[in-house]
Each structure stands twice: as structure tokens, then as C-alpha cells.
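In: the sequence and its predicted three-dimensional model are supplied below.
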Amino acid sequence: MKLKAGIIGATGMVGQRFIELLRDHPFFEVSALMASERSAGKKYGEAASWYLTSPIPEDISEMEVQLIDTKAAEENGVDIIFSAIPSSIAREVEGSFAKNYPVFSNTATYRMEGDIPLLVPEVNPEHFSLIDFQRKNRGWGGFIATNPNCSTIGLVIPLKPLYDSLGIKSVNVATMQALSGAGYSGVPSMAVLDNMLPYIGGEEGKLESEPAKILGELDGSNIEYAGFPIFASCNRVMVRDGHTESVFIELENDFSVDEVRDVLSSFRGLPQELKLPSAPENPIVVFESEDRPQPFFDRNLGGGMSVSVGRIRKQDERKLKFTCLSHNTIRGAAGASILNAELALKKEII
């Protein structure tokens, strides 16, 4: 029997990705769509301006959108919550659901709190054990598990095998982030047409801090953060989907380009071992051609769940350069939360 899923923030871009990715999912089925007062009471097809190229599933289109409230979850027999709400309301809203439900969140609000796991299942599945401490600390029957910022996920997946095999002293990264990361109306067309924006509010701080927690060593109820610094510069560019990152790393040990290619292309994690439905066969796809990855061609590899890496170059002894690309609303948002939930189910956390 499938678990019944409620989506809060169901009408936005990430909410729509949840709907798309949960269609015919073997573990979960959508039973409740929740949004703001503006959408509540309407059929989903009327309330949502559908932005994706795939059509709205007919059954979803006819579902009534309900106000974000735990009562709606109770009335619909919900077992699990996927959250795509703004950070500005997440503390109160997600906390109210977590009293009784597992909440898989895309928002930044709880990410860096000590008892909240910040998860990338291929990288740090052991951090799920923080949920036991979270429930004791907060008196919740459910829990909150978060996935990182969309740019962080695309960076930390290739960092993981490099960190384990060669060690990392420091990272510099410049991002070229897609428009969908700001939401459908997030960047005015006249601001970005024939232009790029060299600043994204709050983004650089997330990219500089979140990997240290994700790559940190778990010690009981505490995480000893990874010790290397990250220096980030984040830019918004005129691409629909797919965040590209130029990465410059000083490693602890020297390397060859072939060695780095092997380390990255052979990387696998627990989701691949368990053959979870949303897990890509290859978490990292390595390109040898000089002009890849590119968002238009490569963002949907692995169903949008693979990170593409190319332009792998050795600058000097222990200094590595490469370009990586990930789909920001799939691997970087809804797909990440769903993969977290799949692993939680397999680990019998839900």
C-alpha cells in the first residue's frame, strides 16, 4: 500500500515538480494539495498556473486545493508531508506538521539547526539518526528532514568523493543559476533579458555554509563540520532550468586528471545500492568533451537527478578546476526531497 502524501505550497514551481515526480510513484501517492488562501477552495487546475512542459495529471487537476493546515492532512489521511513553502512561513507551518507527520522540506529555515538533518542521500545518509534526538528535543511525533539549497546539492555531490579520496583544503565556486530558481515571477523579464544579475540574495551564504554540515562527521547527536572554507559568488543567468557552477579546489593531495575522472564517475551511494526509485544509476556523469556540460543538453540526465561534471583540469600541483551542472528544481528541490523520503522509508524511519 502506498503512503499518502500531502504537498504544502502545491501551486508553485517546486510544488508542481512534486506533483510531476510523484505521478505513478511506487511508494507515495498525492492525497492532499495545500496552498494559501488565494488558492484554497479552487480546483487545482484553476488555482495553479502550470509552468511545466508535462501536462497536469487529470486527477490532480480536479482535486480541490485546501488551506495549509494540519486539519487538511488529518481529513485526507496523510502519512507524509512534502514542503515547498516560502522560508518566511516555514518555521511555524512546518513545525506544526512535524508534531505528527514526517516533513520533507525544501526551505532553508531549519537546515542549519543542530538536530535537523540536512541530507543528500548519496553523501550523508547516516545523518538520518539525528531524527531520534530531534524527536526527544522537540517532543514531536513526526520530524523535519531538509534538503540543501539547489546550488549546494550540485556542488556537494562531486565534492564528496574528492573529499574522501584526496582531501580538500579550500573551494572557490562561481554559479550561473537558472531563472526557475527564483520562481516563475521571481526575476522580471526586463531585468534579465540581454543581461545577467551578479547577486542573488542569501545564496552565497548558503553555498558557503551548508556543505560543511553535509560533509561533517556525525558524533552521536552532534556534527563536526568539515573544516575547509568555501568562497562563493552567485549569479542569475537567462537559462530556464539547470544551475551551472565553475569550481576551483585546492586539494590536500596531488592528483592526475584521469584519477579525478575515475573518482567522480565511479561514485555511488546508498540510494544506488538500494535501487531507490528516484536514484539515478550514475549520480555523477563525467564528460571529457571541452564544451560540456550544458544546461540545455544535460540538465535532465538521470531523470534530472544526475550531476554532470566536465572541463576537469589541473591548474597546478593539488589545484583542480571543473564545471558541474544540476537540475535545480529536480535534483535541487522536489526530487531531492522525494529521494530523502524513499530512503527514510527503506530505513524504516517512516
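Out: Looks like it came in fine. Model, not experiment: these values are computed from the prediction. Numbering: from 1, shown residues only.
In: which residues of the chain fall in strands?
Out: 3-8, 28-35, 65-67, 80-83, 102-105, 143-146, 168-177, 217-219, 222-224, 230-236, 243-251, 284-286, 307-316, 319-326 (DSSP state E).
In: so which of those strands comes closest to Pro55?
Out: strand 28-35 (15.3 Å; Cβ to Cβ). The way it works is simple: take the backbone N, C-alpha and C, and place the C-beta from them, glycine included.
In: show me what that closest one packs onto, helices and strands only.
Out: strand 3-8, helix 13-22, strand 65-67, helix 70-75 (3 or more Cβ pairs under 8 Å, 6 or more residues apart in numbering; DSSP states H and E).
In: let me have those in TSV, extended by mean neighbour count, mean pLDDT and distance to Ser36.
Out: Formatted as TSV, the helices and strands packed on strand 28-35 follow (neighbours: other Cβ atoms under 10 Å; pLDDT from 0 to 100; distance: least, Cβ to Cβ, whole Å):
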stretch	mean neighbour count	mean pLDDT	distance to Ser36
strand 3-8	24	98	10
helix 13-22	25	97	11
strand 65-67	20	97	8
helix 70-75	16	96	13
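In: can you redo these as TSV, where the extra columns are distance to Gly332?
Out: Shown next, in TSV, are the helices and strands packed on strand 28-35 (distance: least, Cβ to Cβ, whole Å):
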stretch	distance to Gly332
strand 3-8	17
helix 13-22	9
strand 65-67	25
helix 70-75	26
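In: nearest to Ile131, out of these?
Out: strand 3-8 (16.7 Å).
In: if we can go back for a sec, closest one to Leu301 among the helices and strands packed on strand 28-35?
Out: Once those are compared by Cβ to Cβ, helix 13-22 is nearest, at 15.5 Å.
In: among the strands of the chain, which comes closest to Gly154?
Out: strand 319-326 (3.2 Å).
In: of the strands of the chain, which is nearest Leu207?
Out: Of the strands of the chain, nearest to Leu207 by Cβ to Cβ is strand 230-236, at 4.1 Å.
In: from the contact counts, what lies against that closest one?
Out: strand 168-177, helix 203-214.
In: most packed of the ones you listed?
Out: helix 203-214 (a mean of 21; mean count of other Cβ atoms under 10 Å).
In: of all the helices and strands packed on strand 28-35, which one is nearest Val123?
Out: If we rank the helices and strands packed on strand 28-35 by Cβ to Cβ, the stretch that ends up nearest is helix 13-22, at 20.2 Å.
In: next, the angle from the closest one to strand 3-8.
Out: Counting by axes from the mean of the first three to the mean of the last three Cα atoms, to 10 degrees, helix 13-22 points 160 degrees away from the direction of strand 3-8.
In: ok, and what's touching helix 13-22?
Out: 5, 7, 9-10, 28-30, 33, 35, 48, 50-52, 54, 56-57, 60, 82, 84, 106, 180, 183-184, 278, 329-330, 333-335, 337-338 (Cβ atoms under 8 Å, 6 or more residues apart in numbering).
In: one step back: using TSV, lay out the helices and strands packed on strand 230-236 together with distance to Gln315.
Out: Converted to TSV, the helices and strands packed on strand 230-236 look like this (distance: least, Cβ to Cβ, whole Å):
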stretch	distance to Gln315
strand 168-177	11
helix 203-214	21
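In: closest one to Glu252 among those?
Out: So among those, strand 168-177 is nearest, using Cβ to Cβ, at 5.8 Å.
In: hmm, who's touching the closest one?
Out: Counting by Cβ under 8 Å, 6+ apart, 150-151, 155, 159, 162, 196, 200, 203, 207, 211, 226, 228-237, 239, 243-252, 318, 328 sit against strand 168-177.
In: what does stretch 262-279 give?
Out: Residues contacting stretch 262-279 (Cβ under 8 Å, 6+ apart): 21, 25-27, 121-123, 125, 157-158, 160-162, 165-166, 280-286, 303, 305, 309, 312, 335, 338-339, 342-343, 346.
In: buried subset of those?
Out: 21, 25, 27, 121-123, 125, 157-158, 160-162, 165-166, 280, 282-286, 303, 305, 309, 312, 335, 338-339, 342-343, 346 (16 or more other Cβ atoms under 10 Å).
In: quick one on the thing from earlier: make JSON lines from the helices and strands packed on strand 230-236 and add mean pLDDT and distance to Asp258 to it.
Out: JSON lines is the format used below for the helices and strands packed on strand 230-236 (pLDDT from 0 to 100; distance: least, Cβ to Cβ, whole Å):
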{"stretch": "strand 168-177", "mean pLDDT": "98", "distance to Asp258": "19"}
{"stretch": "helix 203-214", "mean pLDDT": "98", "distance to Asp258": "25"}
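In: select, out of the ones you listed, the one closest to Arg135.
Out: Of those, nearest to Arg135 by Cβ to Cβ is helix 203-214, at 19.5 Å.
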